[in-house]
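> below are the sequence and a predicted model for it; my questions follow.
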Amino acid sequence: MMEEPTLYELSVPGRLGVAPPECDVPETVMPSELIRADNGLPELSQPEVVRHYLNLSQRNFGVDTGFYPLGSCTMKHNPKINEQLARLPGFAAIHPLQDDETVQGALALMHDLQEWLKEIGGFAGVSLQPAAGAQGELTALLMMRAYHAGHGEAGRNVVLIPDSAHGTNPASATMAGFIAVEVPSDRRGNVDIEAVRAACDDRLAGVMLTNPNTLGLFEERIEELVDLVHGSGGLVYGDGANMNALTGVARPGDLGIDLMHFNLHKTFATPHGGGGPGSGPVGASTTLAPYLPGPVVVSVGKREYALGAPEKTIGRMCAFHGNFGMLVRAYAYIRAHGEAGLRGNAIHAVLNANYVRVGLSDRYPVPFDRMCMHEFVCEGRPDGGSVRALDVCKRLMDFGFHPPTNYFPLIVPEALMIEPTETETKATLDAFLEAMLQIADEARDAPELLREAPHQTPVRRLDEVRAARELIVQEPKASSLGV
Amino acid sequence: MMEEPTLYELSVPGRLGVAPPECDVPETVMPSELIRADNGLPELSQPEVVRHYLNLSQRNFGVDTGFYPLGSCTMKHNPKINEQLARLPGFAAIHPLQDDETVQGALALMHDLQEWLKEIGGFAGVSLQPAAGAQGELTALLMMRAYHAGHGEAGRNVVLIPDSAHGTNPASATMAGFIAVEVPSDRRGNVDIEAVRAACDDRLAGVMLTNPNTLGLFEERIEELVDLVHGSGGLVYGDGANMNALTGVARPGDLGIDLMHFNLHKTFATPHGGGGPGSGPVGASTTLAPYLPGPVVVSVGKREYALGAPEKTIGRMCAFHGNFGMLVRAYAYIRAHGEAGLRGNAIHAVLNANYVRVGLSDRYPVPFDRMCMHEFVCEGRPDGGSVRALDVCKRLMDFGFHPPTNYFPLIVPEALMIEPTETETKATLDAFLEAMLQIADEARDAPELLREAPHQTPVRRLDEVRAARELIVQEPKASSLGV
Amino acid sequence: MIYTPHTDEERRQMLDAIGVGTLEGLFDDVPERVRFPHLDLPAPLSEMALSTELRRLAARNVNLEDTPCFLGAGAYRHFIPATVDYVLQRGEFYTAYTPYQPEMSQGMLQAMFEYQTMICRLTGMEVSNASHYDGATSLAEAVLLAIDAAKGGRRRIVMSPSVHPHHRGVVETYLQGTDATLHGPDDPAVSAADLIPLVDTETAALVVQTPNVLGRLEDLDGLADVVHEHGALLIVAVDPISLGLFKPPGAFGADVVVADGQPLGIAPSFGGPSLGIFATRRAYIRRLVGRLVGETVDTEGRRGYVLTLATREQHIRRARATSNICTNAALGALAAATYLATVGKQGFRRIAELCWHKSHYAAARISNVAGLTVNSDAPNAPFFKEFVVDLPRPVREVNAILREEHGLIGGYDLGRFFVGQENRMLIAVTEMNTRAEIDHLAGALGRLVS
Amino acid sequence: MIYTPHTDEERRQMLDAIGVGTLEGLFDDVPERVRFPHLDLPAPLSEMALSTELRRLAARNVNLEDTPCFLGAGAYRHFIPATVDYVLQRGEFYTAYTPYQPEMSQGMLQAMFEYQTMICRLTGMEVSNASHYDGATSLAEAVLLAIDAAKGGRRRIVMSPSVHPHHRGVVETYLQGTDATLHGPDDPAVSAADLIPLVDTETAALVVQTPNVLGRLEDLDGLADVVHEHGALLIVAVDPISLGLFKPPGAFGADVVVADGQPLGIAPSFGGPSLGIFATRRAYIRRLVGRLVGETVDTEGRRGYVLTLATREQHIRRARATSNICTNAALGALAAATYLATVGKQGFRRIAELCWHKSHYAAARISNVAGLTVNSDAPNAPFFKEFVVDLPRPVREVNAILREEHGLIGGYDLGRFFVGQENRMLIAVTEMNTRAEIDHLAGALGRLVS
Ligand SMILES: Cc1ncc(COP(=O)(O)O)c(C=O)c1O
Ligand SMILES: Cc1ncc(COP(=O)(O)O)c(C=O)c1O
């Protein structure tokens, strides 16, 4: 595949790509001292722009291209109808500050979605504001903070985080002003309950649990753990990134979770967008719900809705009402599936993951080899050999598969975290298994093939060290900074 | 690139891809003797369908992918806004048989488009009905037939067609019941006017002229030719496929052309759709306009429009009112450009073609090497060597360019017909020239490289002979015919 | 939308390379008398203003997304899954042209091959082309094929009067270039069997449509035998949706099956572009009109697809081609293929069933209204999707009332097709019509007659 | 929308392979007490019914395509060229995730690299991240960066009262996790220069917005020098459209530039998703929040792009990361990049000019109405796109009348931002507002006061 030039390489001085809109009013003189000589943008024709991005897109891999078993990310199918619906002018072309009377459809949608997420999660309240999972975590931790402060326990400043947790957990804890303390995992891949017990004192603000955890395992002693933390005055936050295993299977609220973020871009099939936008609504128990960020949608009459703030709200997490466009898609997903559909998806996500697990475990050691939920983690060194997980990943590309998440969770050496999702067919899973087993053979017989992989991609293996050393993070320009 | 399985290879018996619409009425018993056991369709999930077509699309090349100098086809840019506009419910979701009162917007659009095409072509009447260029030809010839019959000259059954004409011309003549008689081209690439003169008798129904002709040359003696044919009672039909050179430059009607089809999918930038749909409106002089196919749109009051049939109409050419979706796009194209824009496009199409012509003519013999219009024809055997035009075309693919039209027109040996269109940048043309000159060098130094080309495409050169011999034209199925 | 990316500098360089001083200098061959005419066209618009202008025009049409609709008669409102437009919007597909260069066009070629396969399966035929313009032109070409294929210069076409009148009209236009003639009774209520006596040894083809223009399913049993005995061809036009459920014409020995493909995922779009479906028997493969995709292999033995049997086509055979068609309806075929693959075997069948159930429910509701009769001229004929209601007043008037007072688009005024049928309304009901809409229509009609 | 493609047969085979008898058997770890709860959710819908339902909801919103609008205050109606959605709808882009595997994600990586470049050029800065959630969260992270970067534990943030109150609100929320405090006067009419005295040696950053929430262009000249003299950082929030025309904050020595990117080709969509623009100086590259794309080469020396400096990020540095952000607004950045590439240098400048001309025309028209004053609190401050009108009655009431009697969406009720400003309307005018709309608004307001 040919290299695609950059926009600036394609640019030709003086080229005009569009006819700018007409000026139908008399012009007003502009303050010349404030005007810049050059805004530094490239100059291209419309066909060049179209081709550029079309060609770039072909150098990118999405769920629509093929199997994308990126663990922890839940790369399930993004329904095309949801894309159409979110683009309806009645959703896409409404202003966040319109008077409530003029956006009753949007408010009704948000209201129902709040209700459904409450129902699915077993919560008393939900705020749709957070823009992504990590922001949901921060939200929940700030609520935790406000709760303890409101109960005269501002001294509670420790948050326990399992060593298997996603990096956003400790980072969010720090941002919320807590001290993040790591707790180890036990032999079965659960949080080490004794370690938690040892940390249960009056400095404990709470614990951040991911369940199923990032090993794809259901915390076997979750109820005990929750009781323990509650018993010592702490709160339990649940990282809901893995809810695709639990919708209709178990409600976190029923397990005693006080606070949890949902990832609409995972569990509810809103697209990942090449890295975002996401949406990370937070659910809360009765005690915590008053602290939710606002605005939330409240019902103010029969089929009439308004924006309002929860009583003790921590404030707002983003400029307006959250990533509404994603809410539309999540609403559509839930509405299309209903109870049985959601549960069926969870069950089949678990079925697919276990099917791949048993298919691989002979060659790719699975450190905690018990029934997994929607994903599992194995070691990416086939037969315990010397080839690295990264090499396996790069080689997988040559088979047309996106590699799994690698080197996470940190507690498994050479980790490969595999999450097939329920939308994949058995045929796809079988093809993936076959590729993985072939790669295991290659690792034994021709390890160079892996170390030099990928061979079939538009570029071969890229020099990440050089990138970090040279730090070319914008295109160099003959003149200075384009000012 | 990996092979993409067929839909039937992906299909699994019993798989359900969609939740069918709800039945909200009581069911009615169906006549079991009429019901089939199996409708023979494949069974796939929605993600499989999406991936299948996405992967197929990546194995296809369009103008949006890159340079596509397919002569005679005018592969210019298809504006994205036109695609959006044609999809507005007010255009896409209207029924052809709605009462006129309920489709005034559509009728107004068609009316204005008729007027604009009249203005651009210099005609007295236009019908938007024909579905493509070839159908426009047939339309015009049936009008010619009706005209002669209506003037007591049903005996006029010969249509003269230059040897450089597109194959649709003789084929249409036959379909319209005429005898197609070929006339040669002269030394300068014009129609041999003496040959025409010799055929001017009372059997002459008319002549089919393409101007600029398929060599990309403006007929130098067009006025004389038209006078000659008219003088002997014949009519002049113009094949408007090459109008992209003439919009705002010369009006065929002003040159005496009686009838002409427009190709909206060429001159007016409606997309070619991988082979269609097109749209081939026919323009006619005052004398011929009453024979146009109906319905056409007529103005029946101030800003009020209705469908009506011309007085002596030959009837209808398709089920409804033509390819309306294409009319919307052509309307948008004309409306966006205006007079100066259309003329500018024609002029730059000619500029681009001549620039490529002079850049190639040293190595690729141009048999009629004079100023060309929007395209030109050269011989695809560099330096007069032994490599074939087909090999040059296949090799061009390796450079990421779509090959030009080849082996047409038939009068140039090893013809390559190159039409860059006005939307291409000088940089693209230069890259194309460079590739072509490199190929000329390769033809000399390493002809096998060409004969074995392409090397970079998803499949290598395909065996067309085998296809025609084996004639596998549907996927074989274990059982019989899927009945 | 600026189409000419050239800067002044580049233009200068290019003119220099060509060796002319000015852009005008490129046009010396154009007679001065006609060169650079003034064109009276509206001033150009920016994309923003263009968008406003076309939205204004679109808003002046009553559209089927906002208004319940019972209009059919050859164009239908069926549900279009979102996958279809997703595929159609792929630039690699819609901005390509006919796949003349197969190595760069495998995507479209494979999609067309699969389309051909699905059409063969659905119709029960052996060969499908890669599309024609629409159902009417497919029919016209089928008739030309029959004339061409029939032995001994047969010039007689027997056509059922219940073939869609517009499609018949197109056949009539196409026959102007031949000396063939159309025959058949006038009354659209006759059945296919009634036409058998008209088939003689001068006949090239018998043409029937099922469901016919009044929505009735013709009985095809035995028809082909009689037609073939007389040395003629049986051409059957169908509604492709009906093929999800009912035995296909191929099972009854049809020689050519044609259909308008619009119901298969194509927006009505005021009647076009549509898709002409054209399938026939292998015996006629060399007479087939339009493009045909065949499977083959590349130099490395990999499977691939190409356009094949080009020797039938105009660009090779010129005046002796099987048709003049060049640009076809490839994108419509792609839409249909995506549609069929998306809904799949079971979904497609269910859609047909829903059309059956809903149209029958509607017919029952309406015939329960005192003063209204359904299918009075053939009360026992099975129908699909469409049926006829006799009204006490002209359909024109009724439709105006339905529109203005009920916000409904009523059925088709059969008086526009057949003389003397001004009071007969052809009502189409698809899976898109909700029970509430149907009840609304029945109620509104009831109010009109009471 | 059936998500589980498994047939019964396949399910059986898979369960056998796993070695459990039933699907339920996969869930033994889930406490029985809570397992398989009943969920009270509405019944599932087919795609067709879903489409109907959501269209019904959408129709209950007054939308900006059908209704002229003068509402801004942080979200704007700008024209979106069709290329933008064409690119966004490419499945390869929008169904991908963060480009962790660069060899399979060169498309998104290069697009982000180009986005970073354009943002650097527009803002006059040296480093741009590959997006943040929205302008408000970008601002909050900029403040955290300043606190982190400032020497000697500075905890004082001076923020202009004319920073968008919602953005300020998000900063306040984010600061709950720190011991930093916000300072500044209350009156949004003060100018940036008035804040200088508040900057002291305890100050980590001065935060200003230009054009500010009232639409006024702040004078940034000399500000950076004073701020830097005190050892603090200058954070400037902007409207990205203004960067097409006006000197960028980078030219005035800003340390961090943030913006909400919605005006750059992103639909307002009831406020989200948007795009947070975040650019800074090279000195702070290791404190940058979010993803950063860098150029490199592959093993064959070909240019390529990767995510770089991951050591700043949470997945590597965990509790000591520069931010917790993971999922960002990549698709919004892609939209902005496509937008900027499409309109280009001249087009972007012209759009900004049109916003200037049209907003000034509107201000002039309205100030000509007896009884209405424009920008009464700062009649000489230059403004861009937005201005304030003093009304004799509450904006609430005026907007209701504009809506009901004139079909217009009026400006923003400043009383919702600032106590006591219930009679002040913030009016936004962009290239989308036609002269006729503006005249209509001025006329309607005139009628209200007369
Ligand atoms: C377990 C877990 N927690 C939290 C997150 C953060 O979510 P987001 O990326 O939406 O901010 C992720 C994201 O991948 C995750 O996998
Ligand atoms: C010169 C010429 N005439 C006629 C046609 C036929 O037009 P269409 O393909 O639209 O039927 C073509 C098509 O390529 C052509 O190039």
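All right, it came through fine. Ligands and ions are numbered 1, 2, ... in the order given.
> right, is the longest helix that chain A contains up against chain D?
Counting residues, the longest helix found in chain A (DSSP state H) is helix A:324-360. Yes - when contact is scored as CB under 8 Å from any CB of the partner chain, part of helix A:324-360 falls within range of chain D: A:324-326, A:328, A:331-345, A:347-348, A:350-352, A:354-355, A:357-359. Glycine gets a C-beta too; all of them are placed from N, C-alpha and C.
> how about that helix: buried residues?
Neighbour counts over helix A:324-360 (16 or more other CB atoms under 10 Å in any protein chain shown) mark A:324-339, A:341-360 as buried.
> just these that are near ligand 1?
Contacts with ligand 1 within the buried residues of helix A:324-360, counted by CB under 6 Å from any ligand atom: none were found.
> in the stretch 201-350 of chain A, which spans are helices?
Taking DSSP state H, counting those that start in this stretch as the criterion, the stretch 201-350 of chain A contains helices spanning A:222-231, A:324-360.
> and if you look at chain C?
Listed in chain order (using DSSP H), the helices of chain C are C:8-18, C:47-59, C:82-88, C:91-94, C:106-123, C:135-149, C:165-175, C:223-229, C:314-317, C:330-367, C:395-406, C:435-449.
> equivalent analysis for the stretch 351-483 of chain A, please.
With helices called from DSSP H, counting those that start in this stretch, the stretch 351-483 of chain A shows them at A:389-397, A:426-445, A:447-451, A:464-470.
> so which of these is the most packed in?
Counting by mean count of other CB atoms under 10 Å in any protein chain shown, helix A:389-397 has the highest mean neighbour count of those, with a mean of 24.
> what comes into contact with it?
Contacts to helix A:389-397, defined as CB atoms under 8 Å, 6 or more residues apart in numbering or on different chains, come from residues A:379-382, A:402-404, A:406-407, A:414-416, A:435-436, A:439, A:442-443, A:447, A:449-451, A:453-454, A:456-457, A:461, D:101, D:103-104.
> what about ligand 1: which of the residues you listed touch it?
Contacts with ligand 1 within those, counted by CB under 6 Å from any ligand atom: none were found.
> looking at the stretch 351-450 of chain C, which residue is nearest ligand 2?
Nearest residue of the stretch 351-450 of chain C to ligand 2: residue C:417, at 29.4 Å (CB to the nearest ligand atom).
> check contacts around that residue.
Listed by CB under 8 Å, 6+ apart, the contact partners of residue C:417 are C:73, C:165, C:188, C:213.
> from the residues you listed, which two are the most distant?
Taking CB to CB as the measure, the contacts of residue C:417 span a maximum distance of 12.1 Å, between C:73 and C:188.
> between the two, which contacts overlap?
If you check residue C:73 and residue C:188 against CB under 8 Å, 6+ apart, the residues they both contact are C:213, C:417.
> what about those two, which has more around it?
Counting neighbours by other CB atoms under 10 Å in any protein chain shown for residue C:73 and for residue C:188 shows that residue C:73 has the greater number, 24 against 21.
> tell me how far that one lies from chain B.
6 Å (CB to the nearest CB, to the nearest Å).
> ok, now residue A:46?
Using CB to the nearest CB, residue A:46 is found at 7 Å from chain B.
> now that residue, nearest residue through space, not along the chain?
Counting by CB to CB, 6 or more residues apart in numbering or on different chains, residue A:17 is the residue found nearest to residue A:46 once chain neighbours are left out, at 5.2 Å.
> contact partners for the one you found?
Shown here is residue A:17, whose contacts under the criterion CB under 8 Å, 6+ apart are A:43-46, A:48-49, C:2, C:5, D:342-344, D:347.
> what number of residues lie near the closest residue to chain B within the stretch 151-300 of chain A?
Going by CB to the nearest CB, chain B is nearest to residue A:269 of the stretch 151-300 of chain A, at 10.9 Å. Around residue A:269 sit 28 other residues, with neighbours defined as other CB under 10 Å.
> same check, this time on residue A:150
Taking other CB under 10 Å as the definition, residue A:150 ends up with a neighbour count of 12.
> give the contact list for the closest residue to it other than its chain neighbours.
Taking CB to CB, 6+ apart as the measure, residue A:150 lies nearest to residue A:312, with 6.6 Å between them; neighbours along the chain are not counted. Shown here is residue A:312, whose contacts under the criterion CB under 8 Å, 6+ apart are A:146, A:150, A:290-291.
> against chain B, how distant is residue A:461?
In this view, residue A:461 and chain B are 20 Å apart by CB to the nearest CB.
> show the pLDDT at that residue.
According to the model's per-residue confidence, residue A:461 sits at a pLDDT of 97.
> again, but for the one 4 residues further on
Confidence per residue is given as pLDDT, and for residue A:465 that number is 96.
> packing partners of the one helix or strand in chain C whose mean pLDDT sits lowest?
Each helix and strand of chain C was given a mean pLDDT (mean pLDDT, DSSP states H and E); the minimum falls on helix C:314-317 at a mean of 87. The helices and strands touching helix C:314-317, judged by 3 or more CB pairs under 8 Å, 6 or more residues apart in numbering or on different chains; DSSP states H and E, are helix B:168-175.
> outside of the helix or strand that comes right after the helix it packs on itself, list whatever touches it.
Counting by DSSP states H and E, the next helix or strand C-terminal to helix B:168-175 is strand B:179-183. Residues external to strand B:179-183 that are found in contact with it (CB under 8 Å, 6+ apart): B:157-163, B:169-170, B:173-174, B:191-192, B:195-196, B:199, B:207, C:318-319.
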